[in-house]
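**Q** generate a structure from the sequence data that follows.
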Amino acid sequence: MSYPDNLKIITNTRLGETAQALEDEGVKYAHITNGTYTAPDEMVVPTTLAGFQYITDTIHLPEDTYIIAVNSDVSMQKINDAKGGSLTDIEDQQTRAEKVLVPLALQHPETQIIGIFYDEETPEDLYEYLSTQSSLSLESLFKFGYGTNPDAPRIEGATHFRRVFGFPFPNDAKALCHDITVAEDQSDTVIVENLAEEKGLHGAPYITPENKVLFKVHEDLKGHQDPAADTIKPDYGLRRSNKLKL
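**A** Numbering: from 1, shown residues only. You can find the predicted model right below:
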């Protein structure tokens, strides 16, 4: 398929070559999320857009890059083994990556958007390598459904980032790997924000309990937007420096 001009997908999963490819693309400051993206578009696209919109409102600078790390086909086989072979009809890694990366690139045409893959069950090794063996600055990591309370599954790789955000799912959904990820109290590491309540610069919460975003989106993404978004007035009084002091 034809990608937006600001989108690049790196298919090599060797850690050193992934890091080199990111440096070759000129990435210096990275905001990242990761996942399997096995759920349908209507589940994963709104949360992805909402998470990055929060980053845009609070800490993003023009030179920053948005990265989505996706479990590769090799990783999905390992997860399937860990879940006793219960997974069926899993889309290939490219399809799952495009599912979230293309909408993100459409929504943020002025921002560099990059997709990468990892072969391990979790991105811990990837994030450790990028943190210690590359020149990238890992500015933020966010996850939906992880790290949101002491009993929630931990956010893997959190210690390698300057800031880590845990967002509760707006519809109480569970991530695919929630039952094979160890629970850990990360309250001293993770900033928890409920994006169904937290207001953004657009003047409303980021997402509804029905999993529709409340900010205006690209025309091709209107199916993921709540109709009320077109009538909400922005609140530019919510200055970035007042929203998130880190």
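**Q** so what's residue 83 up against?
**A** 179, 180 (Cβ atoms under 8 Å, 6 or more residues apart in numbering). For every residue, glycine as well, the C-beta is placed using N, CA and C.
**Q** go on, residue 140?
**A** 31, 32, 55, 59, 161, 162, 163, 164, 165.
**Q** after the helix or strand where it lies, which helix or strand is next?
**A** Under the criterion of DSSP states H and E, residue 140 resides in strand 137-144. Moving toward the C-terminus from strand 137-144, the next helix or strand (DSSP H and E) is strand 163-167.
**Q** which neighbours does the very next helix or strand once past that following strand have in its sheet, and in what orientation?
**A** Downstream of strand 163-167, the first helix or strand assigned by DSSP H and E is strand 190-192. Partner strands and pairing direction for strand 190-192 (DSSP bridges) are strand 163-167 (parallel).
**Q** tell me the angle of the partner strand relative to strand 137-144?
**A** Using axes from the mean of the first three to the mean of the last three Cα atoms, to 10 degrees, the direction of strand 163-167 lies 10 degrees away from that of strand 137-144.
**Q** distance from strand 163-167 to the middle of the chain?
**A** 10 Å (Cα atoms, centre = their mean, to the nearest Å).
**Q** next, the buried residues of it.
**A** 163, 164, 165, 166, 167 (16 or more other Cβ atoms under 10 Å).
**Q** CA atoms of it as PDB?
**A** Provided in PDB are the C-alpha atoms of strand 163-167 (Å, rounded to 0.1, in the frame of the first residue of the first chain):
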ATOM      1  CA  ARG A 163       8.500   9.600  31.300                       C
ATOM      2  CA  VAL A 164       6.000   6.700  31.300                       C
ATOM      3  CA  PHE A 165       2.200   7.000  31.100                       C
ATOM      4  CA  GLY A 166      -0.400   4.400  32.000                       C
ATOM      5  CA  PHE A 167      -3.800   5.000  30.500                       C
END
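**Q** going forward, the N-terminal residue is numbered 36.
**A** Sounds good: first residue 36 from here, last item strand 198-202.
**Q** for that strand, which outside residues touch it?
**A** By Cβ under 8 Å, 6+ apart, strand 198-202 touches 82, 85-86, 89, 94, 174-183, 187, 190, 193, 221, 224-230, 281.
**Q** which of the residues you listed count as buried?
**A** For these, buried by 16+ other Cβ under 10 Å: 82, 85-86, 89, 94, 174-183, 187, 190, 193, 221, 224-226, 228, 230.
**Q** give me the neighbour count for the residue nearest to residue 115 when sequence neighbours are not counted.
**A** The spatial neighbour of residue 115 that comes closest, neighbours along the chain excluded (Cβ to Cβ, 6 or more residues apart in numbering), is residue 122 at 4.4 Å. Residue neighbour count, defined by other Cβ atoms under 10 Å, stands at 16 for residue 122.
**Q** so residue 122, which of the three states?
**A** Per DSSP: H, G, I helix; E, B strand; the rest coil, the local secondary structure of residue 122 is coil.
**Q** center of the protein - which residue?
**A** Residue closest to the average C-alpha location in the chain (Cα atoms, centre = their mean): residue 68, at 3.0 Å.
**Q** any idea how far the closest residue to that residue other than its chain neighbours is from residue 103?
**A** Closest residue to residue 68 apart from its sequence neighbours, by Cβ to Cβ, 6+ apart: residue 177 at 5.2 Å. Between residue 177 and residue 103 the distance is 11 Å, computed by Cβ to Cβ, to the nearest Å.
**Q** between those two, which contacts overlap?
**A** The contact lists of residue 177 and residue 103 share 67, 68, where a contact means Cβ under 8 Å, 6+ apart.
**Q** what's near enough to touch residue 80?
**A** 134, 135, 138, 256, 259.
**Q** want to throw those into CSV with distance to residue 269 and secondary structure?
**A** Shown next, in CSV, are the contacts of residue 80 (distance: Cβ to Cβ, whole Å; DSSP: H, G, I helix; E, B strand; the rest coil):
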residue, distance to residue 269, secondary structure
134, 29, helix
135, 25, helix
138, 21, helix
256, 18, helix
259, 19, helix
